[in-house]
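> Here is a sequence with its predicted model. Questions after.
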Amino acid sequence: MTKLIFATNNPYKVEEIQSATGNIIEVISLKQAGIDIDIPEPHDTLEANASEKSKTIHQLTKANCFSEDTSLEVKALNGEPGVKSARYAGDDKLSEKNIDKLLSKLGNTQNRKAKFRTVISLILNNKEYLFEGVCNGKILSARKGKKGFGYDPVFVPDGSNKSFAEMSMAEKSKFSHRKKALDKMIAFLKTELHTTNHGYNEIKVN
């Protein structure tokens, strides 16, 4: 089993990623790796923020690692909260406040279309690779469900009548943006770990 340090302090993300990968990779959290830092996300793209986090951990450990950055993009709000999703209502990154702000700004808007987008930055054998996953859906007018994290209580993916916060981990994985990006990374790892180095410094799989 391939071991990868996951550059996050969010235990819910660690659980979700490990659940989705099964026995393909062993996800090592920052806490398990003995790393106690909060990596900044100063950039205006998911790609740059994900890269910042993975490169920071790689510089510290020299180990294979990966990170992800995720945004919620709401059509009626011109893509808000976007890259600032986690800090939408302030640097304290409180999900309840973020949701309150989102619902307040949407008000009675009829167009509730939105999408989650995740970019994973993998550093393997000193080279970086990027993978993207997207989940389209809509924003509810009120919270539904107690599971998950972040904006899950107000997001319903296309093809379901449940919010992410009403789903089990297995149910969420069928739609999850994070799972889609992860699947691409795992497919890449299965190939990369059994073939010779192809020489690319960076790829993006859409």
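Happy to help now that I have it. Residues are numbered from 1 along each chain as shown.

> For the chain, give me the ranges with low pLDDT.
Across the chain, the ranges flagged by pLDDT under 70 are 1, 193-206.

> Show me the helices in it, by range?
Ranges of helices in the chain, per DSSP state H, are 11-21, 46-61, 95-106, 169-173, 177-192.

> In JSON lines, list those helices along with mean neighbour count and distance to A142.
The C-beta positions use only the backbone N, C-alpha and C, and glycine is treated the same way. Converted to JSON lines, those look like this (neighbours: other CB atoms under 10 Å; distance: least, CB to CB, whole Å):
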{"stretch": "helix 11-21", "mean neighbour count": "17", "distance to A142": "22"}
{"stretch": "helix 46-61", "mean neighbour count": "20", "distance to A142": "28"}
{"stretch": "helix 95-106", "mean neighbour count": "16", "distance to A142": "7"}
{"stretch": "helix 169-173", "mean neighbour count": "16", "distance to A142": "20"}
{"stretch": "helix 177-192", "mean neighbour count": "19", "distance to A142": "22"}
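
> how about the ones you listed, which one is nearest K113?
helix 95-106 (11.0 Å; CB to CB).

> chain center to the closest one, what's the gap?
19 Å (CA atoms, centre = their mean, to the nearest Å).

> From the contact counts, what lies against it?
Counting by 3 or more CB pairs under 8 Å, 6 or more residues apart in numbering; DSSP states H and E, the packing neighbours recorded for helix 95-106 are strand 65-74, strand 81-82, strand 127-139.

> Number of residues surrounding the nearest residue to P11 once chain neighbours are set aside?
Nearest residue to P11, sequence neighbours excluded (CB to CB, 6 or more residues apart in numbering): S29, at 7.3 Å. Per other CB atoms under 10 Å, the neighbour tally for S29 reads 19.

> Make TSV from the helices of the chain and add distance to I123 to it.
Formatted as TSV, the helices of the chain follow (distance: least, CB to CB, whole Å):
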stretch	distance to I123
helix 11-21	16
helix 46-61	5
helix 95-106	28
helix 169-173	24
helix 177-192	11
